[in-house]
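Peer 1: Got a sequence here, can you build the structure:
(chains A and B)
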Amino acid sequence: MSHPEVAVTGLGLATPAGLGTDASWQGVLEGASAASTDPALAGLEVDMSCRIPGFDATALLGRKAARRLDRFVQLATWTAREAVADAGLDPEAWDGPRVGVVIGCGMGGAHTWEEQHRRMLEHGPERVSPLLIPMLVPNMVAGQIAIDLGATGPNLVTATACASGATAIGTARDLLRSGACDIVLAGGTEAGLTPLSITGFAQMGALSTRTDDPARASRPFDVERDGFVAAEAAGVLVLERDDDARARGARRRARLAGYGASADGYHVTAPDPEGGGAERAMRAALADAGLAPGDVDHVNAHGTSTPLNDVSEARTLRRVCGEAMSVTSTKGVTGHSLGAAGAIEAGFAALALEHGVVPPTANLTEQDPEIDVDVVAGSPREQAVEVAMSNSFGFGGQNAVLVLTRA
Amino acid sequence: MSAVYEKVKGVLVDKFGVEESEVSLEASFDDLDLDSLDLVEFALAAEEELGVRISDEEAEQLETLADTVKLLEEKGAQA
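Peer 2: Now for the predicted structure:
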């Protein structure tokens, strides 16, 4: 069955590597980790994170949005505006019911939950804000983008933990292939850098405890890695059918050629050591794109910097795609932004295709001998990338793999 | 201007991000771009700042700041 091709015509990124697509891309190319000690987490066992530099909601979105939207919605709202502007689209002029919004989110309004729960315990239930529910429910992010931009087509939020952003992009692709939408704003967002959420991840043993040296803590594929550093971020891609994008003379930044998804059916947090689910998602994405495993030039890996993920992912990559492709994990710079990660990394994969350069994996000083793939480290590598794969694997064993090709 | 009005104005500017220049006795909550959820939130803030309780039903009836100041004063608000 032949499907209409889908193009990426706009990018919006707000990541710890920088505010905005250009700043984020420069940041990951420079390869310096964005992690630092976080005053909001003072007193916790893990008191570091990766925050977006300069994201002042009042300055960027106005006082009303700063007050009434949880940070995960603020990040995505700003990023969606950047993506739409980048695509050269005018929300005043578009046919709103033909514009869909699909955003991935792992946690929802963590700041709101914790603040309002504290208010209830300290001051009683009558002091709980009437905005509690509209601010915290995860689906509100897509709803708010519809309100903000008049995008009134299909509208939903995907929740596959750390794969949510990639799942959203794959789902959006289906809305374009089926003809349900002409344009879809697809991405992910996360802003869960709150004491309770971070403590939860720390108690799982998922986080790096290298708190005396935050800038060296996120080190994917390195023999000394000991967990991820939590991050906030949002990324939105504007997706359109390739023919439509050409017809309106849009700049096509990349093509979204394939999407594959699977479940491990193995464990709530640990990846399947055999990588069976991840392998099926990779193979499905490649088959969907009509490509062979050997066609992959570059992989933006899930690469969380946890001991288990990185070795299991690298083994699976080696088994599926061989050894010819370059592999990077931009999480060395950005940390792990959970539900946003799949979206921002799809953005970085698109930029690698567009610019012919692969960002380095920060903090990779001694590659784990069990990791036998060509990891880019130290400085960016010039490479004429034609086919890039972006992996995302969520807690719960949910896997989403995107294949992007040069436009 | 009453002390209660000044307090209401302070709440609107500090907690609701309303521009000070937009606040007047004649202004409605609608004019200030505040919806029914904001009104409930406003009632909570008024209770914290002025020590009087506005019920959700009373909050729903409020249209202008003049109505609001009058209700708060009737309830014995002390600024």
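Peer 1: what's around the residue nearest to B:Gly17 when sequence neighbours are not counted, how many residues?
Peer 2: Computed as Cβ to Cβ, 6 or more residues apart in numbering or on different chains, the closest residue to B:Gly17 that is not its neighbour in sequence is A:Arg63, at 2.7 Å. Heads up, the C-betas are built off the backbone N, CA and C, glycines and all. By the criterion of other Cβ atoms under 10 Å in any protein chain shown, A:Arg63 has 15 neighbours.
Peer 1: quick one: A:Arg63 from A:His298, how far?
Peer 2: 43 Å (Cβ to Cβ, to the nearest Å).
Peer 1: Name the SS class of residue 11, please.
Peer 2: If you meant another chain, say so; for now it's chain A. Classification of A:Leu11 using DSSP: H, G, I helix; E, B strand; the rest coil returns strand.
Peer 1: so it bridges to which residues?
Peer 2: Here A:Leu11 sits in beta bridges with A:Leu237, going by DSSP bridges.
Peer 1: you'd agree it is up against A:Gly347?
Peer 2: Yes - contact criterion Cβ atoms under 8 Å: A:Leu11 and A:Gly347 qualify, at 5.2 Å.
Peer 1: Those two - which one has more neighbours?
Peer 2: Between A:Leu11 and A:Gly347, counted using other Cβ under 10 Å, the more crowded position is A:Gly347 (33 against 30).
Peer 1: Find the helix or strand that the more buried one is a member of.
Peer 2: Here A:Gly347 sits within helix A:341-355, counting by DSSP states H and E.
Peer 1: What number of residues are in the vicinity of residue 34?
Peer 2: Looking at chain A here, since you left the chain open. 26.
Peer 1: my bad, the chain I had in mind was chain B
Peer 2: Residues lying near B:Leu34 (other Cβ under 10 Å) number 19.
Peer 1: which ones are touching it?
Peer 2: Each residue near B:Leu34 by Cβ atoms under 8 Å, 6 or more residues apart in numbering or on different chains is listed here: B:16, B:18, B:42.
Peer 1: B:Leu25 should be in a strand, yeah?
Peer 2: No - counting by three-state DSSP, B:Leu25 is not found in a strand; it is coil.
Peer 1: the helices in the chain, which residues?
Peer 2: Reading this off chain A. A:21-30, A:57-61, A:63-68, A:71-86, A:110-123, A:132-136, A:140-149, A:164-177, A:195-204, A:242-247, A:276-289, A:307-321, A:331-334, A:341-355 (DSSP state H).
Peer 1: my question was about chain B
Peer 2: Going by DSSP H, chain B shows helices at B:3-16, B:36-50, B:56-61, B:65-74.
Peer 1: Mean neighbour count and mean pLDDT added to those helices, as JSON lines?
Peer 2: Formatted as JSON lines, those follow (neighbours: other Cβ atoms under 10 Å in any protein chain shown; pLDDT from 0 to 100):
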{"stretch": "helix B:3-16", "mean neighbour count": "18", "mean pLDDT": "92"}
{"stretch": "helix B:36-50", "mean neighbour count": "19", "mean pLDDT": "89"}
{"stretch": "helix B:56-61", "mean neighbour count": "13", "mean pLDDT": "87"}
{"stretch": "helix B:65-74", "mean neighbour count": "18", "mean pLDDT": "93"}
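Peer 1: With distance to chain A as extra columns, can I get these in TSV?
Peer 2: Shown next, in TSV, are the helices of chain B (distance: least, Cβ to the nearest Cβ, whole Å):
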stretch	distance to chain A
helix B:3-16	7
helix B:36-50	4
helix B:56-61	9
helix B:65-74	17
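Peer 1: Include distance to B:Asp30 when you put those into JSON lines, please.
Peer 2: Formatted as JSON lines, the entries for those read as follows, by distance: least, Cβ to Cβ, whole Å:
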{"stretch": "helix B:3-16", "distance to B:Asp30": "13"}
{"stretch": "helix B:36-50", "distance to B:Asp30": "10"}
{"stretch": "helix B:56-61", "distance to B:Asp30": "13"}
{"stretch": "helix B:65-74", "distance to B:Asp30": "11"}
